[in-house]
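1. okay, sequence plus prediction incoming.
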Amino acid sequence: MARALRVQFDGALYHLVVRANNRQPLFRDTQDRRHYLDLLSRYREQFGFRIYCYLLINRQVHLLIETPKGNVSKVMQCLGTSYTSYFNRRHKRRGTLFEGRYKSYLIENGRYLPEVTRHIHQSSFPSGLNTNKKRDYPWSSYRIYLGIKPSDLVDTEPVLVRFGETLKEQQKRYREFVESEDLGESGRRDTRHLENYPSFAEKVDVGCQSAQMNRREDDSLKVAERILREVNLSLSLTPNEMGDLRESRKRGLARHVAMYLIRKQTSLPLRSIGQLLGVKAPAVALGIGKVEQLLKQEDFSKKVKSLLENNTFSFSESETAGEYSPLE
């Protein structure tokens, strides 16, 4: 059975739920949770989406985001792939981390925003936490709303502005709103299947989405082929050399950079990228992860940016020596 199409359009607002595979933990410690939030911040800047609410618990992640560019699938794809690559590398494991595709609930923009944030902040906490403990829970945006934890990751103004004139009054009244014992019918109803509202039907033409997806895939393949040519030319490599699993460190690094650039510049899944380079999807994820680590080095990051802007790239001997090794 074909997968249901994701409803995407500019300005869409979603409550997204990500669950762990086989009830395993998504986060084993503080470092894992911080890394997930760092990735969230990085992709927010890259894709230009807005975060209104988040909650990280042991086996789930809840996000409330708005996508001005209608790109929720790309956002979640990159976020999931990057975190899985990091998690598997750090904890020396393999395989799937998340349970299938994320769940997405399309929310009518504006009208239901306070209720959905309350639903996430109140209903989705780990069981057994009393009210005071919820305020102390560090992996939720609730503390940001209350002014306990300053952060620019979450845009609280569209919600808080409805609760009073001054920030202090807004935070007080929002706390009372969230911590009231009875969520009320709307607190639960408003987060479920709101994509059926007529206003969304007017914005989304599902019938044309399949053709649009095919065109995007064709465009992505053209971009991917161009990236491979540019990276090959930068090191004077042939396509066969690029795909050789026994390449030198320099060739391995070039191939991983190509994987990263294709992933960044197209909507191709890991499997399709792997087919272009003659490797499996897990090898692509690993290669992308290695490049993401190297991007923390300022000189390397500048060169990747240069390739994106000018289609030129070169590697120094120091960057291809040492601990870095190609895929085996």
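-> Looks like it came in fine.
2. CA only for contacts and neighbour counts going forward, please
-> OK.
3. tell me the secondary structure at the closest residue to S151 other than its chain neighbours.
-> With sequence-adjacent residues excluded and distances taken as Cα to Cα, 6 or more residues apart in numbering, S151 is closest to I144, at 6.5 Å. At I144, secondary structure determined by DSSP: H, G, I helix; E, B strand; the rest coil is helix.
4. I144 is in contact with D155, isn't it?
-> No - under the criterion of Cα atoms under 8 Å, I144 makes no contact with D155, lying 9.4 Å away.
5. the more surrounded of those two?
-> Ranked by neighbour count (other Cα atoms under 10 Å), I144 and D155 place I144 first, with 20 against 17.
6. residue contacts, the more buried one?
-> By Cα atoms under 8 Å, 6 or more residues apart in numbering, the contact list for I144 reads 150-151, 154, 156.
7. so is S267 in a helix, a strand, or just coil?
-> Assigned with three-state DSSP, S267 falls in the coil class.
8. any idea how far it is from L261?
-> 11 Å (Cα to Cα, to the nearest Å).
9. low-confidence ranges, the stretch 1-150 of the chain, go.
-> 1-6, 108-110, 123-132 (pLDDT under 70).
10. if we go to 50?
-> Applying pLDDT under 50 to the stretch 1-150 of the chain flags residues 1-2.
11. quick one: the strands in this structure?
-> With DSSP state E as the criterion, the chain has strands at 12-19, 50-56, 60-67, 103-107.
12. and these as CSV, adding mean neighbour count and distance to L167?
-> As requested, the strands of the chain are exported to CSV (neighbours: other Cα atoms under 10 Å; distance: least, Cα to Cα, whole Å):
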stretch, mean neighbour count, distance to L167
strand 12-19, 22, 24
strand 50-56, 22, 17
strand 60-67, 22, 22
strand 103-107, 21, 25
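13. nearest to L97, of these?
-> strand 12-19 (8.8 Å; Cα to Cα).
14. the inter-axis angle of the closest one versus strand 50-56?
-> 20 degrees (axes from the mean of the first three to the mean of the last three Cα atoms, to 10 degrees).
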